[in-house]
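Novice: I need the structure of the sequence given here:
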Amino acid sequence: MDLTENSIVLRTGKFRESDVWVKMLTANHGMLTVFAFGGSRSRKRFTGCLDSYNYILSRVSSSKNGQFLNLQEASLLESYSNIRVDWKKQGLVANCIRFLEALGVNPVDADKIFLITKALLLFINKAESVHPMIPLLYRFRMAAEYGYALDASRCYTCGQSLDAGAFFLVTDGYCVCKSCKPQGIMSLYASKECLDILVHIQEYSPEYWGEYKPSTEVWREMGRIIDALVRYHLGLEWADGRFKKMY
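Specialist: Numbering: from 1, shown residues only. Model prediction:
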């Protein structure tokens with residue numbers, strides 16, 4: 001196996017004095033863990049490339065026994081340096097990356113996930129300030145890409161417009177109008193503004209997510225719905241500083 005990939009460095013760590021392991025998100029193969037031998041001191045092959053969240057062009061090959069991947073060479077395409085000097089931005093990005101690692105990346109969807117994540121890094125890097133809810137919006141977009149997109153325009157049951165708001169049925173994963181809301185079923189209210197923003201998140205690149213200026217209550221509505229969707233349909237919850245599989 002020998003491949004050249006556009007990649008985003010997610011995390012790195014040392015495993016010997018001068019050797020480094022690198023977890024990367026690639027455009028065609030999803031997440032890969034590769035080993036950069038001499039990576040902590042090589043001035044020719046990896047200079048400035050292996051910092052977290054860098055966008056790089058990487059050349060990777062299989063080891064002789066086929067048991068692991070070697071990072072042979074990397075060149076820096078873009079460095080999101082503002083993230084590394086702002087601890088708040090670092091925390092938001094780290095939360096998104098931990099979620100992505102827990103969710104996993106199917107190679108079939110790798111190109112879409114790669115482009116969305118790259119756009120997220122660009123947005124956070126450029127923004128003067130970033131709302132702390134951004135990681136939740138990223139989770140919602142990832143859920144949509146994995147087949148859990150919401151139809152927030154019409155009631156799933158009767159087809160009526162949801163201009164007056166809706167109820168998200170947690171275990172079913174869809175929205176219904178007030179008239180079709182069943183009794184005894186776990187549901188969460190979503191205003192029209194909340195629904196409009198959720199639809200926008202599903203359709204548009206993260207670079208436009210800074211346009212939202214909802215009230216605190218609308219943020220709460222979105223947060224409750226996204227948390228429920230992630231827990232019940234992706235099987236992930238945040239606990240003890242990481243995302244854990246619920247089943």
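
Novice: for residue 76, name its beta-bridge partners.
Specialist: Legend: beta-bridge partners of residue 76 under DSSP bridges are residue 56.

Novice: dump the residue contacts of it.
Specialist: Residue 76 makes contact with 48, 49, 54, 55, 56 under the criterion C-beta atoms under 8 Å, 6 or more residues apart in numbering. To be clear about C-beta, it is placed using only N, CA and C from the backbone, and glycine gets the same treatment.

Novice: at 7 Å instead, please
Specialist: 48, 49, 54, 56 (C-beta atoms under 7 Å, 6 or more residues apart in numbering).

Novice: out of those, which one sits closest to residue 120?
Specialist: Distance from residue 120 was checked for each of these by C-beta to C-beta. The minimum falls on residue 54, at 14.4 Å.

Novice: can you tell me the SS state at residue 48?
Specialist: Three states are possible here, and by DSSP: H, G, I helix; E, B strand; the rest coil the one that applies to residue 48 is coil.

Novice: from residue 90, how far off is it?
Specialist: Distance of residue 48 to residue 90, given as C-beta to C-beta, to the nearest Å: 18 Å.

Novice: ok, residue 9 next?
Specialist: Note on residue 9: its distance to residue 90, by C-beta to C-beta, is 14 Å.

Novice: same question for residue 160.
Specialist: 45 Å.

Novice: just residue 132 next, same as before
Specialist: With the distance defined as C-beta to C-beta, residue 132 ends up 13 Å from residue 90.

Novice: who has more neighbours out of those two?
Specialist: Remark: of residue 132 and residue 90, residue 90 carries more neighbours, 15 against 12, as counted by other C-beta atoms under 10 Å.

Novice: which non-adjacent residue is nearest the more buried one?
Specialist: Distances taken as C-beta to C-beta, 6 or more residues apart in numbering put residue 83 closest to residue 90, at 5.9 Å, once the chain neighbours are dropped.

Novice: equivalent analysis for residue 221, please.
Specialist: Counting by C-beta to C-beta, 6+ apart, residue 221 lies nearest to residue 194, which is 4.3 Å off, once chain neighbours are set aside.
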